[in-house]
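[1] build me a structure from this.
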Amino acid sequence: MYQVVKKAMKNEKGLTLIELLAVVVILGIIAAIAIPAIGGLIDNSRKDAHAANAIQMINSAKLAVVGDETARPATNGTINISLGWLQAEGYLEPVIDPDGTDAGYSIDDPAVPPADAATGMPSRVEVTTADNGRTFTYSVLLVNADRGVQTDAGAAVPEAEVQRSNVVKN
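    As a prediction, this is how the structure comes out:
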C-alpha cells in the first residue's frame with residue numbers, strides 16, 4: 001500500500017498550456033450558448049407574470065361586478081373598471097410590475113369610478129354584457145411604461161386570450 005501511494009506521489013504530471021487553453025475555449029462556448037438562453041427564460045417568466053397579473057385583475061373585476069352596483073354595466077352595455085379603482089376599493093392588492101419599472105403599471109386616478117368611456121384609464125378591465133345582462137365578457141388592458149398585456153394595436157385582450165404572447169411593447 002505504501003508503495004502505491006509513493007508511486008502516485010512521484011507521478012507529477014500536470015496540464016500543458018494547450019490543454020488549459022482548450023478547457024478555457026470549451027467553457028467560453030458553453031457560456032456563449034447558456035447566457036442568451038437564460039436571458040430568454042427570465043423574459044418569459046416576466047411575461048408570464050404580466051399575464052397572471054392580468055388574470056388576477058379580471059378576477060377582481062368579477063368580484064366588483066357582483067359586489068358593487070357602480071361596477072355593473074348597463075344591460076347590453078360596456079363598462080371600464082380601472083386598476084386604480086380596483087385597488088382603492090379593496091378588490092385587488094397593489095400589483096407589482098414584474099419588469100421593475102420605476103412607475104410600475106399605469107394607474108389612473110383611483111377616485112374615478114367605473115365608466116362607459118375608457119378615457120384616462122390606461123390599465124383597465126372592460127366588462128360587457130349581452131343577452132339582456134345574462135352574459136358577461138371580460139377584456140383586460142394592463143400596461144407599464146414599456147409593455148403590457150394588450151393587442152398589437154394597444155387594445156384590451158379578451159379573458160380567454162390572456163397569455164404570454166399578448167405581452168407586447170407599447
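[2] which non-adjacent residue is nearest Ile58?
    Leaving out its chain neighbours, the residue that sits closest to Ile58 by Cβ to Cβ, 6 or more residues apart in numbering is Tyr138, at 4.8 Å. In this view, the C-beta of every residue, glycine as well, is placed from N, C-alpha and C.
[3] what is the one you found paired to in the beta sheet?
    Val127 (DSSP bridges).
[4] pretty sure it is touching Lys62, no?
    Yes - using Cβ atoms under 8 Å, Tyr138 is in contact with Lys62, at 7.0 Å.
[5] between the two, which is the more surrounded one?
    Tyr138 (22 against 18; other Cβ atoms under 10 Å).
[6] what about the strands in this structure?
    Counting by DSSP state E, residue ranges of the strands within the chain are 78-82, 124-130, 135-143, 147-149, 157-158, 167-169.
[7] and the residue nearest to the spatial centre of the chain, what does it touch?
    Nearest to the mean C-alpha position of the chain, by Cα atoms, centre = their mean, lies His50 at 1.6 Å. Neighbouring residues of His50 by Cβ atoms under 8 Å, 6 or more residues apart in numbering: Pro98, Asp99, Leu142, Arg147, Gly148, Val149, Val167.
[8] which of the residues you listed has the most neighbours?
    Busiest of the contacts of His50 [other Cβ under 10 Å] is Leu142, holding 29 neighbours.
[9] for this protein, give me the ranges with low pLDDT.
    For the chain, the stretches with pLDDT under 70 are 1, 5, 8-13, 111-112, 118-120.
[10] rerun at 90
    Applying pLDDT under 90 to the chain picks out residues 1-17, 19-20, 34-41, 68-77, 95, 99-122, 131-134, 144-146, 152-155, 168-170.
[11] which helix of it spans the most residues?
    Longest helix in the chain by number of residues (criterion: DSSP state H): helix 17-67.
[12] could you measure from Thr16 over to Ala22?
    Per Cβ to Cβ, to the nearest Å, Thr16 is found 9 Å from Ala22.
[13] neighbour count for these two, which is higher?
    Neighbours were counted for Thr16 and for Ala22 using other Cβ under 10 Å; Ala22 has more, 12 against 9.
[14] residues contacting Tyr138?
    So Tyr138 contacts Ile58, Ala61, Lys62, Val125, Glu126, Val127, Thr128, Pro158, Glu159 (Cβ under 8 Å, 6+ apart).
[15] could you work out the most separated pair of these?
    Lys62 and Pro158 (14.1 Å; Cβ to Cβ).
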